[in-house]
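> predicted model and sequence follow; I will ask about them next.
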Amino acid sequence: MGDRFNTAAGWALFAGIIALGGAIVSSKFFHEERPEKMGYAIEGVEAEGAGGAAAGPGLNTLLASADVAAGEKVFAKCAACHTVNQGGANGIGPNLYATVGEGVGQGKGGFAFSDALKSKGGNWTFEALDHWLTSPREFAPGTKMTFAGLGNPADRANLIAWLNTQGSNLPLPAADAAPAAGGDNAATAEGNAANAAAPAENASGK
């Protein structure tokens, strides 16, 4: 009986040692091999807030080729709060007739603009409207405007161009000048040519 007990106790002790050793080895392995950044990247998807705005045409270029009809369709997102017809009543937001070029937070039949907007100053230029439509809260922190903004630059340009036809009719800016084609390549080629000519000049000098 004593021999059986000793044998069983020995096997139990051996199993415990094996289990403890396995736990130590596995914990060491996973500690060393665990990636610093959990999860995995999905190709083609940017992390939220990373990368900033995508590079593309500037506002002037977008306005110069703006689609006014498309801008009217974008305005459908604003129509629940704004009217745009001449003499139209203010709603949740002010009537927007002849807004382009008008003073920020002024006029509009006595509409109660927020202090944040009234204190902004300046006029509703194309650039100011683009900034406002991108993020009203960033343009005028504390504004009563709850609209989150339009993330698509082309949508903003189309909307601004259409609003401009509603009683303002200011001349749209010319498109930005395109960068010189092959400018960097031309400069590199000129540099290479100069470097190649230098040895020949030195040789002829000797």
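Ah, there it is.

> which residues does residue 128 contact?
Contact analysis of residue 128 by CB atoms under 8 Å, 6 or more residues apart in numbering lists 104, 122, 139. (Each C-beta comes from the backbone N, C-alpha and C, glycine too.)

> ok, residue 88 next?
When contacts are taken as CB under 8 Å, 6+ apart, residue 88 is in contact with 95, 97.

> name the SS class of it, please.
coil (DSSP: H, G, I helix; E, B strand; the rest coil).

> give me the pLDDT for it.
pLDDT recorded at residue 88 is 92.

> I'd like the distance between it and residue 67.
24 Å (CB to CB, to the nearest Å).

> so, low pLDDT: which residues of this protein?
1-16, 18-54, 181-206 (pLDDT under 70).

> would you map the helices across it?
2-33, 59-64, 68-74, 115-118, 126-134, 136-139, 153-165, 183-205 (DSSP state H).

> may I see the PyMOL selection of the buried members of the contacts of residue 128?
Buried subset of the contacts of residue 128, written as a PyMOL selection, criterion 16 or more other CB atoms under 10 Å:
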select buried, resi 104+139
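
> quick one: the contacts of residue 128 as TSV, columns for distance to residue 55 too.
Output for the contacts of residue 128, formatted as TSV (distance: CB to CB, whole Å):
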residue	distance to residue 55
104	29
122	27
139	22
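
> of the contacts of residue 128, closest to residue 132?
residue 139 (4.5 Å; CB to CB).
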